[in-house]
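[1] What follows is a predicted structure for the sequence shown.
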Amino acid sequence: MTSQILGASPSSRANARAIATMIGAMTCFVLNDALVKHVSESLPSAQLIFLRGVMASVLVLMVARHLGALRHYRALANPRVALRGAVDACATMLYLASLFRLPIANATAINLAAPLFMTVFAVFFLRERAGFARWLAVVLGFAGVLCIVQPSGDGFNAWALLCLLGTLFHATRDLMTRRIEPGIPSIIITLATALSVTVLAGCLTLFSGWQAFGPRELGLLGVAAAFLASGYFLLVQCMRSGDVSLTAPFRYCAVLVAVLLGYAVWDEVPNAWAWMGIALLVGSGLYMLHNERSRQRAALDAQPE
């Protein structure tokens, strides 16, 4: 067993590291969500998002300086970068506002519906083709979302619809990312998002008010910002070092982490409908990834040698 690992090809080792970083990134994101959700019990939403945004912006700025990317600072004013940052800020505010009022597992699962919206957007706006199997996966995925949202019955929470709207904004953000010039560093795009979220949350504090806070809340938000920045860093490392189609399915480990945290911290357990929805959503997402990988392999095999 050990000899097999030591004798693994460089690409295999790179993919193994990429899988580990994807799991690490998703864990960091959920831990960030959990900490922010916990602090929301004592601080207004806009205020805590603003405070976390300031810390995250400083961390991203430090990383950008370390990478030597600040010479591209003018890209922050690029219309596509700025618009993407604004859309991402709206997505973040909508998602977090719903997260504070939903079980963390439900909010996390709904947020993972973004690839379904991306598929629909790609067909209608990018003129990509989708076969019957792909559309079936989309339909089953949205059926899973309905099971989680539960638009009728005792499990209904109107904030789930707001979370779904945030997911729609996340998909729009991902679509816009594909239209940004490749020469603009990813860390600059991340900085634009962090600044946009901070500015938007700061404006909202003018209406929601400001509440006194202590070192405990500030410390928890600082840790949350560190998890958020670490998640972004690990995700970039994953995208650069491994096969995207291989590592993408491990994104769904976020649901497992969220379920465990929800139970441990808030004694939250998804009901039967929510479990069914999570299974449908994750299953359809995994199938779409498998189908896309098969298409890529077939296209490579069809190329003349």
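    Cool, the structure landed.
[2] Measure how buried the residue nearest to Ile110 when sequence neighbours are not counted is and give me the count.
    By the measure of C-beta to C-beta, 6 or more residues apart in numbering, the closest residue to Ile110 outside its immediate chain neighbours is Cys163, 4.7 Å from it. In short, each C-beta sits where N, CA and C put it, glycine included. Cys163: 28 surrounding residues under other C-beta atoms under 10 Å.
[3] Give me the pLDDT for Cys163.
    In this model, Cys163 is scored at 89, pLDDT.
[4] What of Pro185?
    In this model, Pro185 is scored at 87, pLDDT.
[5] Assess the claim that it and Leu67 are in contact.
    Yes: at 7.2 Å, Pro185 counts as touching Leu67 under the criterion of C-beta atoms under 8 Å.
[6] Please say which of those two ends up with more neighbours.
    For the pair Pro185 and Leu67, the greater number of neighbours falls to Pro185 (17 against 12), based on other C-beta under 10 Å.
[7] Beyond the worst-scoring helix or strand of the chain on mean pLDDT, next helix or strand please.
    Using mean pLDDT, DSSP states H and E, helix 2-6 stands out as the lowest-scoring helix or strand of the chain, at a mean of 39. Where DSSP states H and E defines the elements, the next helix or strand beyond helix 2-6 is helix 10-39.
[8] okay, the angle between the helix or strand just after that following helix and helix 10-39?
    The helix or strand immediately downstream of helix 10-39 is helix 45-67, counting by DSSP H and E. Orientation check (axes from the mean of the first three to the mean of the last three C-alpha atoms, to 10 degrees): helix 45-67 against helix 10-39 gives 150 degrees.
[9] re the thing from before, does the residue nearest to Ile110 really touch Asn111, like I thought?
    Yes: counting by C-beta under 8 Å, Cys163 does reach Asn111; the two are 6.9 Å apart.
[10] what do the two both touch?
    Listed as contacting both Cys163 and Asn111 by C-beta atoms under 8 Å, 6 or more residues apart in numbering are Tyr95.
[11] helices or strands up against the strand or helix carrying Phe117?
    Using DSSP H and E, Phe117 falls within helix 114-125. With contacts taken as 3 or more C-beta pairs under 8 Å, 6 or more residues apart in numbering; DSSP states H and E, helix 114-125 sits against helix 132-149, helix 159-177, helix 272-302.
[12] Single out the most deeply packed of those.
    Neighbour counts (mean count of other C-beta atoms under 10 Å) averaged over each of those peak at helix 159-177, with a mean of 20.
[13] Now the helix or strand just after it - C-alpha only, CSV.
    Downstream of helix 159-177, the first helix or strand assigned by DSSP H and E is helix 186-208. C-alpha atoms of helix 186-208 as CSV (Å, rounded to 0.1, in the frame of the first residue of the first chain):
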residue,chain,number,x,y,z
SER,A,186,-8.1,36.0,-9.3
ILE,A,187,-7.1,37.7,-6.1
ILE,A,188,-8.0,41.1,-7.5
ILE,A,189,-11.5,39.8,-8.4
THR,A,190,-11.7,38.4,-4.8
LEU,A,191,-10.7,41.7,-3.4
ALA,A,192,-13.4,43.5,-5.5
THR,A,193,-16.0,41.1,-4.0
ALA,A,194,-14.8,41.6,-0.4
LEU,A,195,-14.9,45.4,-0.8
SER,A,196,-18.3,45.3,-2.5
VAL,A,197,-19.8,43.2,0.4
THR,A,198,-18.2,45.6,3.0
VAL,A,199,-19.5,48.7,1.3
LEU,A,200,-23.0,47.3,0.8
ALA,A,201,-23.2,46.1,4.4
GLY,A,202,-21.9,49.4,5.7
CYS,A,203,-24.6,51.2,3.8
LEU,A,204,-27.3,48.9,5.3
THR,A,205,-26.0,49.7,8.8
LEU,A,206,-27.2,53.2,8.3
PHE,A,207,-30.8,51.8,8.4
SER,A,208,-30.4,48.9,10.8
